[in-house]
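Novice: need a 3D model of the following:
(one chain, ligands or ions: 1)
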Amino acid sequence: MQAAVKIENLRKTYGDTIAVDGISLNVAQGQIYGLLGPNGAGKTTTMRCICTLTRPDSGMIEVAGATEVRAIRDRLGYVAQEVALDKVLTGRELLKFQAALYHIPAKQIGDRIEYVLDLLQLQPYADKLSGTYSGGLKKRLDLAAGLLHQPAVLILDEPTVGLDIQSRLAIWEFLRKLRTLGVTVLVSSHYLEEIDALADRVAIINRGKIIAEGTTDELKNKVGGDRITIRIREFAEFQEAERAQKILQQLPIVQSITINPAQGNAVNLFVTPEPNAIMEIQNMLAAVDIEVFSLSQSRPSLDDVFLAATGQTILDAEIAQAELAIANRGKKKK
Ligand SMILES: Nc1ncnc2c1ncn2[C@@H]1O[C@H](COP(=O)(O)OP(=O)(O)OP(=O)(O)O)[C@@H](O)[C@H]1O
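Specialist: Predicted coordinates:
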């Protein structure tokens with residue numbers, strides 16, 4: 001089957017910054033495909049290149065079989081991170097304006113607008129000024145505009161940033177509905193739970209490169225073990241945690257073990273999944289009189305996948321990226 005989106009060896013630099021460093025992707029039709037990565041990882045640049053809004057330095061881009069700019073634009077809808085609505089127009093007027101931009105034949109415009117207003121449950125608000133819309137409504141209007149020309153592929157950059165939980169869930173629900181209608185959705189996010197909840201497949205991006213790709217289950221299974229978090233006390237001394245760490249290191253099921261000072265010196269373990277894991281750990285600690293305040297077990301998350309590949313959590317990577325941006329700004333001022 002023809003891919004909905006195919007890119008090979010995409011590269012884009014801005015001066016000294018390598019925004020996209022040789023990314024290749026193959027998105028099958030009818031999927032929700034997630035691009036997950038910290039801010040500054042290169043997600044927006046990759047999407048803008050696919051949408052022909054940014055010209056890559058090199059690489060191949062194909063959207064539903066098309067490689068020419070005009071043909072690619074016909075086949076996809078793009079919903080950018082920032083909502084850019086003209087506040088003095090109503091929702092319906094904005095859609096009319098968009099329809100003209102997309103060169104939709106005049107006879108079809110009315111039907112298409114009604115269709116997207118229904119699809120996004122925007123009818124009650126269609127004749128109100130878009131400037132009065134809530135954040136969630138604005139996003140829904142943006143989505144409606146992106147779907148007016150009935151694209152095969154919808155590309156969404158961070159669709160729920162800044163939205164409340166209710167609006168976020170409504171967008172998720174809508175994207176799932178689009179999938180059942182056969183539309184391929186390529187969505188970027190730095191929210192782990194968003195990609196986990198939505199995506200059939202995911203590419204995890206860091207510093208312009210794909211560091212892992214697969215279904216969310218495949219990626220989590222590759223990390224290997226289960227995660228176990230032990231708290232000796234609510235706020236344990238580092239030495240106490242270190243003592244537990246040394247003892248537990250001797251257990252064959254323990255793959256890795258770290259102490260997290262940000263979590264009251266909690267002891268974090270990755271262990272080989274087996275039914276008696278918790279009991280073995282409890283027995284080992286009890287044998288040396290270490291009492292346990294709390295103990296929890298969970299499957300690896302996508303953050304653990306990121307951690308295993310980069311040695312950092314996504315949050316750490318975002319902090320590092322923000323610090324780098326501040327340092328670069330400082331250099332330019334000098
Ligand atoms: N127009 C531009 N000029 C200069 N540098 C840019 C430009 N656009 C992006 N960059 C840089 O390229 C890198 C990747 O940015 P990009 O916006 O693609 O990342 P992202 O993963 O989408 O993050 P965000 O969600 O914050 O947009 C960053 O270091 C960014 O500062």
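Novice: rest of the way, CA atoms for contacts and neighbours
Specialist: Will do.
Novice: tell me the pLDDT at the residue most central in space within the chain?
Specialist: The centroid of the chain falls nearest to Ser189 when counting by Cα atoms, centre = their mean (2.5 Å). Per-residue pLDDT puts Ser189 at 93.
Novice: then Lys334?
Specialist: At Lys334, the model reports a pLDDT of 57.
Novice: was I right to think the residue nearest to the centre of the chain contacts Tyr33?
Specialist: No. Ser189 sits out of contact with Tyr33 when judged by Cα atoms under 8 Å, with a separation of 10.8 Å.
Novice: before we move on, the earlier item: please name the bridge partners of the residue nearest to the centre of the chain.
Specialist: When assigned by DSSP bridges, Ser189 has beta-bridge partners Leu36.
Novice: and the gap between it and Ala84?
Specialist: Computed as Cα to Cα, to the nearest Å, the Ser189 to Ala84 distance reads 19 Å.
Novice: what does the strand or helix carrying Asn283 contact?
Specialist: For Asn283, the host element (DSSP states H and E) is helix 277-287. Applying Cα atoms under 8 Å, 6 or more residues apart in numbering, the contact partners of helix 277-287 are 244, 247-248, 253, 271, 291-292.
Novice: helices or strands next to the helix or strand just after it in the packing?
Specialist: Once the chain leaves helix 277-287, the next helix or strand it forms, by DSSP H and E, is strand 294-298. Counting contacts by 3 or more Cα pairs under 8 Å, 6 or more residues apart in numbering; DSSP states H and E, strand 294-298 is packed against strand 226-231.
Novice: what mean pLDDT does the strand it packs on get?
Specialist: Average pLDDT, strand 226-231: 90.
Novice: so what secondary structure elements neighbour that strand?
Specialist: strand 266-271, strand 294-298.
Novice: show the contacting residues for the residue nearest to Leu192 when sequence neighbours are not counted.
Specialist: If the residues on either side of it in the chain are set aside, Leu192 comes closest to Leu302, at 6.3 Å by Cα to Cα, 6 or more residues apart in numbering. Applying Cα under 8 Å, 6+ apart to Leu302 gives the contacts 192, 196, 216, 219-220.
Novice: any of those residues buried? List them.
Specialist: Taking 16 or more other Cα atoms under 10 Å as the criterion, what is buried in the contacts of Leu302 is 196, 216, 219-220.
Novice: so can I have a markdown table of the residues you listed showing pLDDT, secondary structure and distance to the ligand?
Specialist: Formatted as a markdown table, those follow (pLDDT from 0 to 100; DSSP: H, G, I helix; E, B strand; the rest coil; distance: Cα to the nearest ligand atom, whole Å):
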| residue | pLDDT | secondary structure | distance to the ligand |
| --- | --- | --- | --- |
| Asp196 | 93 | helix | 17 |
| Thr216 | 92 | helix | 19 |
| Leu219 | 90 | helix | 20 |
| Lys220 | 86 | helix | 22 |
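Novice: can you tell me which of those is nearest Gln321?
Specialist: Using Cα to Cα, Asp196 is the member of the buried ones among the contacts of Leu302 that lies nearest Gln321, at 23.1 Å.
Novice: quick revisit: and the angle for the helix holding Asn283 with strand 226-231?
Specialist: Going by axes from the mean of the first three to the mean of the last three Cα atoms, to 10 degrees, helix 277-287 is angled at 30 degrees with respect to strand 226-231.
Novice: may I ask which helix or strand encompasses Leu307?
Specialist: Assigned by DSSP H and E, Leu307 belongs to helix 302-310.
Novice: after that helix, next one along is what?
Specialist: Moving toward the C-terminus from helix 302-310, the first helix or strand encountered (DSSP H and E) is helix 314-333.
Novice: any buried residues in that following helix, and which?
Specialist: Applying a neighbour-count criterion of 16+ other Cα under 10 Å, the buried positions in helix 314-333 are 314, 317-318, 321.
Novice: try stretch 141-155
Specialist: 141-155.
Novice: between these, which is closest to the ligand?
Specialist: Nearest to the ligand, judged by Cα to the nearest ligand atom, of these is Ile155 at 12.8 Å.
Novice: next, the closest one: secondary structure please.
Specialist: Here Ile155 takes the strand state, with states given by DSSP: H, G, I helix; E, B strand; the rest coil.
Novice: I'd guessed it sits against Gln81; true?
Specialist: No. With contact defined as Cα under 8 Å, Ile155 does not count as touching Gln81 (10.6 Å).
Novice: isn't Gln245 up against Ile257?
Specialist: Yes. If you go by Cα under 8 Å, Gln245 and Ile257 touch, sitting 6.8 Å apart.
Novice: who touches both of the two?
Specialist: Shared contacts of Gln245 and Ile257, defined by Cα under 8 Å, 6+ apart, are found at Val267.
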